[in-house]
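Participant: sequence and predicted model, in that order:
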Amino acid sequence: MHPSGDRVILQKFHNYHNLFRGKMEGEQARIEGLIMRGRELASSPSLSLEYRKTHNFDMADLNEKVRMLSESWQSLFRESDALQLRTETVTAELDSLLKLCEAARVKTEDLRTESNKWEDTDEVPVDDLSKKVDDAKKFKSKVEAQATRLEEVNALAARLQRTPSGLSEEVVRSVAYLNEQKEAFAHRVDDRLAQLHAASGHVTSSDNQHFLATSVDEPWERRVGPNKVPYYINHAEEVTQWDHPRLTDIMSSLLEVNKIRFSAYRTATKLRFMQKKLHLDLLQLNAATEIFDKCGLRAQNDNTLDCTQAVACLMVIYEHLNTLHPNRINFALAIDVCLNWLLNCHDPDRTGQLRVLAFKVSIVVLCQGELNAKYRYLFRLITDENGRVDQAHVGQLLYCCLQIPRYLGEVAAFGGTDVNPSVLSCFKFSTNGIDIQLKQFLAWLAREPQALAWFSVLHRQIAAEPSRHHAKCNVCECFPINGLRYRCLKCFNYDLCQNCFFTGLRTKSHKLSHPMQEYSYPATSSEDMRDFKRVLKNKLRPRDSFRNNSNLGYLPVESGSGRGVDHDKSATLTSLNSNAKGSVGSSDPADFTQTRIIEFEGSRGASSPEADDEHSLITRYASTLNGVSDSVRLTPSSLRISPVLEQYDSIFNYRRSLRCKYCKPWNRKSRRKWKDTSRNSKAITTV
C-alpha cells in the first residue's frame, strides 16, 4: 500500500502505518534478543564435537540464518521510515494543493462579482469610456495573475495524480472548474476591451473629443468650441483659458531656464524640457514618418488639419509609444497637452486649422533622431518632383520652424519671424539663384544659420547628456563635468561646466571675452594638444583683441533695419569641424540680441566688474550699430572686415602703451615724431 493524493485514503494509510510501526516496535526487543542469542551460540566454544555430531548441528548454517534475520529486520525498519517520509511529503503537497485551490476559488468569486457589475457598452457615458478601458485592462491583469496561480495548481495536481491511488474526484473536479472559469474570464474581458475600443474609436472619429475630458482634474473642465478647438474652465476660480492646465505648469517651470545667458542654449534647454514632457523623445524619426503616411498626410503639406484630425494622428503616435513603453504615458493627457502645444505654436488665434507642414515640422523637431536625418526629411517635405525647392517653400519651412522659438519668447534672437533674410542667405548657395538642391541646402545648414542655430544646439545638448569629462569646473568645482564642457583658449587649464557657462559664472582671472572651446564628448589627447597650442598663441595676442573679436560661428541674418547682426560679444565659442571626434563646436550661437543681455545684466546690477566689462562691450557695439545708416545693409563680408580694422586699432593702442615712464608727455609733436621714426624703421626693415 502506498500513500496517495486522496485525503480519506491518506488518513487510513497513515493510521495503518502507525499501527504497523507500533507492532514492529513491540517485537523489536524479542527479535533483537534472538539475533544476539544466535550469534552467541554460533561462536560458543563450549559445545563439544560429540554434541554437534549427535544433534546434527551446522555452525555455518546458523551464522547464515542469523545474518539474514538481522538484515531483514533492519530493511523492514528502513522501508517503514521511507514510507513515513513519503506519507508526510504527500500530505504536505495535498495540503498545499487544497490551500491553492481555495485561494483560487476566492479570486474566482471576486472576478465574477466584479464582472457582473459591468454595464453594457452602449450604456457607458462617452466621458467614462477611457476610465472603463482602464478598468478592463486592470481586470485583464487580474485574470492573468489568476492564470499564474492555476499553473502552479495544475503542476501540483498532476504530480499527485501520478500516485497509485491518484486524487479524489472532488479535487479533480475543483481544479477543472477553476481552469474553466479562468478561460471564461479571459474571453469575456477580451470581448469587453474590443467593444470599448470600438466605442472609443467611434467617438474619436466623430466630431467630438469627449474621450479627452479625462485629461484634466477637478475643478477644471475641458470643453470644445464650435470650431473643435478645446478650452478649459476652472470652476473654483471661475476663469476660462485656452491653455491646458498641465501646459501652464510646464511653461511656469521653464521660467527657471531664463537664467541662461545665451538664447540658443536657453531655447534648446526649453525644448529639451518640453520634449520630455510631451514624451516625444521616445518617438523615432522613422516611426513618425510611417505614422504620417498611415494617417494620410503624405503629399498633403499645403493642406490644413482641423483639431479632430490632429487628435486622430496624435492618437496613433501615442498608441505606438504606449505599445513600446506600457504604463508610462497618460494617453489622454499626453494627446491633449501636445495638441495644445501645437495650437499655441501654429494657431495662436485659435482658428481651429493647422497646416500639415507645421504639424509635421513640430513633431519632427522634437522626436528622436539624427540631426542630418531630420534636415533631409524637412527638405523632402518641401521639394518638388525634380528634387528642387524654390524660395517660397524654403520660406514656408523656416516660418514653421521659427514658430517654436516664437512661442518660447526667443524668436527675436534668431532674426525674428521675417524669414526673407534667411531665405536670401540660403539661396546664396544656389547655382542659378532660383532653386536649390539637397546638397546645397545641407551646406547652408552646416554653417548653422542664425534662424536655426537653436536646432543644432538642441541636438548637441542631447548628445552631451551621457558624457562624463575627466575635468574639474574652475567655478563650482564639480568633478567630473557632466554634459557640455567648455575650455578657455586664453587661460591655462581653465574649464567650465555647462551650468556655470550658461549662467555666466566665472572666476576673477577669466574674462567673458575669452574664446571658449565646447566639447560634447570627452576630448582626445590630440585635441588637448591643439587647444594647448591655441592657448599659447592667444597668450601672445593683445588683451583688447579678444574684446574686439567679432567672428561668428553661425551664419548671420542680414538685417534691413540697419541693426546688423544682434549678438552678445561677451563670449566667443571656437568652432570645430562637426565631424571631429569628441567635439561639436559653435562659435557663439548665443545671445544674438543685445536687449536680452541688457535685461540680464540689469537684473544682476552694474556694480560688479563683470557687469561693467560687459556694459562697455554693449555700449561699444551699440555705438557701431547706431553709426550705420538705415539704407546700408550689413553683410557677412562687411562683418569680416571689421575685425581687421579693430585689430589695427588694438595694435596701435598696444604700441602706445609700451612707452616707458621716463618718456615725455604724449602730445602732437611727439606723436608726429613717433610716426616719422616708425616710418623710417619700417623702411629700413624693408631694405
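Facilitator: Thanks, I have the structure now. Residues are numbered from 1 along each chain as shown.
Participant: OK, contacts around the closest residue to Asn474 other than its chain neighbours?
Facilitator: Distance criterion C-beta to C-beta, 6 or more residues apart in numbering; nearest residue to Asn474, sequence neighbours excluded, is Tyr494 at 5.4 Å. Where C-beta positions appear, they are placed from N, C-alpha and C, glycine not excepted. With contacts taken as C-beta atoms under 8 Å, 6 or more residues apart in numbering, Tyr494 has the following neighbours: Asn474, Arg487, Cys488, Ser509, His510.
Participant: then Ala451?
Facilitator: Contacts for Ala451 (C-beta under 8 Å, 6+ apart) come out as Leu398, Cys401, Leu402, Phe414, Gly415, Val419, Ser422, Val557.
Participant: buried subset of the contacts of Tyr494?
Facilitator: Asn474, Arg487, Cys488, His510 (16 or more other C-beta atoms under 10 Å).
Participant: quick check: closest non-adjacent residue to the third one.
Facilitator: Okay, so that is Cys488. Tyr494 (4.0 Å).
Participant: what does Leu354 give?
Facilitator: Nearest residue to Leu354, sequence neighbours excluded (C-beta to C-beta, 6+ apart): Leu305, at 4.7 Å.
Participant: checking my notes, that neighbour in a strand, right?
Facilitator: Yes. Under DSSP: H, G, I helix; E, B strand; the rest coil, Leu305 falls within a strand.
Participant: which stretches in the chain count as strands?
Facilitator: Per DSSP state E, the chain carries strands over the ranges 220-224, 230-234, 239-241, 304-306, 353-355, 389-390, 435-436, 468-469, 481-482, 485-488, 495-497, 515-519, 572-574.
Participant: now those strands in a markdown table, with mean pLDDT and distance to Ser252?
Facilitator: Below are the strands of the chain laid out as a markdown table (pLDDT from 0 to 100; distance: least, C-beta to C-beta, whole Å):
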| stretch | mean pLDDT | distance to Ser252 |
| --- | --- | --- |
| strand 220-224 | 88 | 16 |
| strand 230-234 | 91 | 15 |
| strand 239-241 | 92 | 13 |
| strand 304-306 | 89 | 29 |
| strand 353-355 | 91 | 25 |
| strand 389-390 | 90 | 39 |
| strand 435-436 | 90 | 41 |
| strand 468-469 | 90 | 32 |
| strand 481-482 | 89 | 26 |
| strand 485-488 | 90 | 29 |
| strand 495-497 | 90 | 26 |
| strand 515-519 | 88 | 30 |
| strand 572-574 | 49 | 30 |
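Participant: export the ones you listed to a markdown table and tack on distance to Ser70?
Facilitator: Putting the strands of the chain into a markdown table (distance: least, C-beta to C-beta, whole Å) gives the following:
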| stretch | distance to Ser70 |
| --- | --- |
| strand 220-224 | 90 |
| strand 230-234 | 94 |
| strand 239-241 | 98 |
| strand 304-306 | 97 |
| strand 353-355 | 98 |
| strand 389-390 | 105 |
| strand 435-436 | 106 |
| strand 468-469 | 77 |
| strand 481-482 | 80 |
| strand 485-488 | 87 |
| strand 495-497 | 87 |
| strand 515-519 | 88 |
| strand 572-574 | 98 |
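Participant: what's the closest of those strands to Ser168?
Facilitator: With C-beta to C-beta as the criterion, Ser168 lies closest to strand 220-224 of these, at 59.5 Å.
Participant: quick check: angle from the closest one to strand 230-234?
Facilitator: Taking axes from the mean of the first three to the mean of the last three C-alpha atoms, to 10 degrees, one finds that strand 220-224 is oriented at 150 degrees with respect to strand 230-234.
Participant: which of the buried ones among the contacts of Tyr494 sit farthest apart?
Facilitator: Across these, the longest distance by C-beta to C-beta is 11.3 Å; it joins Arg487 and His510.
Participant: per-residue confidence for the residue nearest to Thr269 when sequence neighbours are not counted?
Facilitator: Closest residue in space to Thr269, ignoring its immediate chain neighbours: Val257 at 5.0 Å, by C-beta to C-beta, 6+ apart. Predicted confidence (pLDDT) for Val257: 88.
Participant: what does Gln396 give?
Facilitator: pLDDT recorded at Gln396 is 91.
Participant: still on that earlier bit, show me the contacts for the residue nearest to Thr269.
Facilitator: So Val257 contacts Arg266, Thr269, Lys270, Phe273 (C-beta under 8 Å, 6+ apart).
Participant: so which two of those are the farthest from each other?
Facilitator: Arg266 and Phe273 (11.0 Å).
Participant: looking at those two, which one has more neighbours?
Facilitator: Arg266 (26 against 15; other C-beta atoms under 10 Å).
Participant: so, low pLDDT: which residues of the protein?
Facilitator: For the chain, applying pLDDT under 70 flags the ranges 1-17, 41-62, 122-127, 164-166, 199-209, 543-687.
Participant: tell me which residue lies nearest the centroid of it.
Facilitator: Centroid-nearest residue in the chain, with C-alpha atoms, centre = their mean: Asp281, separated by 5.5 Å.
Participant: that residue and Gly369 touch, don't they?
Facilitator: No. Counting by C-beta atoms under 8 Å, Asp281 stays clear of Gly369, with 10.4 Å between them.
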